[in-house]
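>>> my questions are about this predicted structure, shown below with the sequence.
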Amino acid sequence: MQQMKKSLSKQQVVFHGYKKETELVTKLSFKIAEAIAENGKPYSDGEFIKNCVEIFIENVSPEEKNLVEQISLSRFTVARRIDDLSENIEVSLKDRMSKLSAFSIALDESTDLSDTAQLVVFIRGVTDNFEVTEEFSDMASMQSTKTGQNICEEVTKLMNNFEIDSSKFVGITTDGAPSMVGKNNEFVKRFLDVIETENVFVSHCIIHQESLCSKVLGFGEVMKSVVSTECEAARTRSVSAQDDRTYFLISSKTTTFSSFHFPSLESRKVQIQLFNCKKYVRTIEKLTLAFETRFEDFKKHKADVQLFAHPFDLVVENTRPSFQLEIIELQASVDLKRAYRENDLLTFYRSHVYGNYTNLENHARRMISLFGSTYCCEQFFSKMKLFETKCRNQLTDEHLSSQLRVATSSVKADIGKISGSRRYQTSHYSPTQ
């Protein structure tokens, strides 16, 4: 009996050692696949990486060669690993989304190498304790026509996939394309009809708006030259440029003007006297009008922005009744005034307002959840074009989406959990892979 116990004990030791080794091999396979995804490398690079590791091990630690040989890194395995990583991240994101108190979306579309329109949606949300999440949620290939109805269907499908409560929906930011913001049957109108949520902020990307405003000047070649100059030089000239713009405007309104309050102009007083500034006044006024027209929608939300960003400057009587008592109490606090001056808005609301002013907190969460632009989408498209090259034109939309999720998400996949739940698979290298 004693002999049988010893034999069983030895078998258990061998079994546990084998299990530990196989789990390590699987974990290494996932980690290398993750690195491939994050750097946008082809799946077939897995075998190349394995060969490099084998060369290293042979010369540094030959006794570990067998372990390296067991790591499965064929292109098919790498593809599955990245899909598993993406799925794990998506599950984590769903958990995060379920805790949001307010959220908004930003969406844009771009054409890939196969001339297929790819719709990308990002979600930005705020939890009850002011933790901010901004993540790529999903992408969809618009194989058919890019109408508001198609876009609405894809975004609705995404919302259902993440099981997000539409009553917490705050805002939509788009690139301003007709299919997005048309007045009749385009995306925004259709989507708002679907979710049936009131008081939704609808905005056109600020960066796009500014770009469109600049075009009214007709200074295309000049702007190219300005952009190509050194950033440091641009920063040092920023004050002077502001002085010049102000001088143009003021000089157009008065016949007597002193440059006393504009030091950079004062230093060039002789040059300015010989320079006819008035001919540029009309151009600047045209630019001002373009900004006022393009950003007309933001005026609708001026009161909401003021309430969030400048609560100590408000006239209590001019605010909504539901906020008045909290504003009075807030403005009476010397400590809160100091905290407001010394911190950014997110820190101020998270550390000093949270837990004491219910209505102001809820309003702040809504404002913090908003996107100012679709820059995150543009950045995503830049990375997508780096990943989807002419040499990888067979990459499916599903694999591309998985690889981009792993590469762009701030949420890391739980490789330990994934590798522990996956069946061990030894290397099965074939030259055709």
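Okay, I see it.

>>> ok, Glu398 - how many residues close by?
Number of residues near Glu398 (other C-beta atoms under 10 Å) recorded here: 12. Backbone N, C-alpha and C define where each C-beta goes, glycine included.

>>> no no, Glu64
Glu64 has 13 nearby residues by other C-beta under 10 Å.

>>> pretty sure it is touching Glu54, no?
No - checked against C-beta atoms under 8 Å, the pair Glu64 and Glu54 is beyond contact range at 10.0 Å.

>>> quick one, domains of the chain?
According to automatic domain parsing, the chain comprises the domains 2-85+411-421, 96-211+370-401, 217-297, 301-367.

>>> in stretch 315-335, which residues are buried?
Within stretch 315-335, the residues scored as buried using 16 or more other C-beta atoms under 10 Å are 319, 323, 326-327, 330.

>>> and of those, the nearest to Leu158?
Phe323 (33.4 Å; C-beta to C-beta).

>>> coming back round to it: which of the domains of the chain has the lowest mean pLDDT?
Set side by side, the domains of the chain give their lowest mean pLDDT on domain 217-297, at a mean of 59.

>>> so how far is the first residue of that domain from its last?
Domain 217-297 has an end-to-end distance of 22 Å (C-alpha to C-alpha, to the nearest Å).

>>> one more: stretch 320-339?
24 Å.

>>> quick one: it to chain centroid distance?
33 Å (C-alpha atoms, centre = their mean, to the nearest Å).

>>> identify the residues contacting Ile123.
Residues in contact with Ile123, defined by C-beta atoms under 8 Å, 6 or more residues apart in numbering, are 97, 103-105, 133-135, 137, 162, 164.

>>> and Asp326, that one's in a helix?
Careful, residue 326 is Glu; it's not Asp. Yes - assigned with DSSP: H, G, I helix; E, B strand; the rest coil, Glu326 falls within a helix.

>>> so it sits right up against Glu361, yeah?
No - the criterion here is C-beta under 8 Å, and Glu326 misses it with Glu361 at 9.2 Å.

>>> show me where the chain has its strands.
Ranges of strands in the chain, per DSSP state E, are 100-111, 117-127, 132-142, 169-174, 201-204.

>>> those: which one's closest to Gly218?
Short answer: strand 201-204, nearest of those by C-beta to C-beta, at 22.0 Å.

>>> what does the closest one rub up against?
Contacts of strand 201-204 (C-beta under 8 Å, 6+ apart): 104, 170-176, 181, 188, 294, 297-298, 301, 370-372.

>>> distance between that strand and the chain's centre?
On C-alpha atoms, centre = their mean, the centre of strand 201-204 falls 17 Å from that of its chain.

>>> again with stretch 37-47
24 Å.

>>> with stretch 125-145 instead?
The answer for stretch 125-145 is 8 Å, by C-alpha atoms, centre = their mean.

>>> go on, stretch 103-121?
The answer for stretch 103-121 is 13 Å, by C-alpha atoms, centre = their mean.
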